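**Q** Sequence and computational prediction follow.
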Amino acid sequence: MEFVKNFSFEFRFVSIWIGLNDRLNEGQFVWSDGTPFNSSIYNNWNDGEPDNNGDDCVELYNNRWNDVPCSSTYYYICERPKGRLSCPDGWLLHGLSCYKASKEGKTWLNAKQDCHASRGYLMKIDDASEQNFIEVFLRITGMVLLSKDIRTQVTRSYYNSVTVT
Ligand SMILES: [Ca+2]
Ligand SMILES: [Ca+2]
Ligand SMILES: [Ca+2]
């Protein structure tokens, strides 16, 4: 875990699309898989957000949520249910979902379509535990300079150090 911590600063300010949006009805947020968003169950809005300044799509930025223009091009994370089998190649299992990070910048809509093409949806953050997982996941997948072997090692040390529920 020390190793992961040392690199965390580099990735603190990367914007990542999540599935939350109010594109259809201003102020009524839903997840991209169609699930209504219930702020009282769990939310991670940054202070003063959402400010609804013509912004209908939500980024994860510095570990908090913020509504921004959907036309921004950001990295994104797709999530899909694990189902009965394990995750496909390139997807990481956590809880009942598989996750894949894409380091290709896309608009929110294009990112959403890419997730749908692989039978997933833009990341839906259901609770604090999933939010915490994604913060670590971003550090792991964002380390483009690391060799595959080292990345595998970091992934393993992460899983040794947390309880996966
Ligand atoms: Ca809005
Ligand atoms: Ca905003
Ligand atoms: Ca989820």
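**A** On my side now, so go ahead. Just so you know, these numbers come straight off a predicted model, no measurement behind them. Residues are numbered from 1 along each chain as shown. Ligands and ions are numbered 1, 2, ... in the order given.

**Q** So for Glu49, what's the nearest residue that isn't a sequence neighbour?
**A** Asn66 (4.8 Å; CB to CB, 6 or more residues apart in numbering). Bear in mind the C-beta positions are built from the backbone N, C-alpha and C, glycine included.

**Q** which SS class is the one you found?
**A** strand (DSSP: H, G, I helix; E, B strand; the rest coil).

**Q** Run through the residues that contact it.
**A** Trp45, Asn46, Glu49, Pro50, Val58, Glu59 (CB atoms under 8 Å, 6 or more residues apart in numbering).

**Q** so what's the first one scoring on pLDDT?
**A** According to the prediction, Trp45 has pLDDT 98.

**Q** which residues does it contact?
**A** Applying CB under 8 Å, 6+ apart to Trp45 gives the contacts Ser39, Arg64, Trp65, Asn66.

**Q** beta partners of it?
**A** Note on Trp45: beta-bridge partners Trp65, judged by DSSP bridges.

**Q** Let me know how buried Ser39 is, in neighbour terms.
**A** 9 (other CB atoms under 10 Å).

**Q** what's around Gly105, how many residues?
**A** 14.

**Q** list the contacts for it?
**A** Neighbours of Gly105 in contact, by CB under 8 Å, 6+ apart: Thr73, Tyr74, Tyr75.

**Q** Now, of these, which are buried?
**A** Tyr74, Tyr75 (16 or more other CB atoms under 10 Å).
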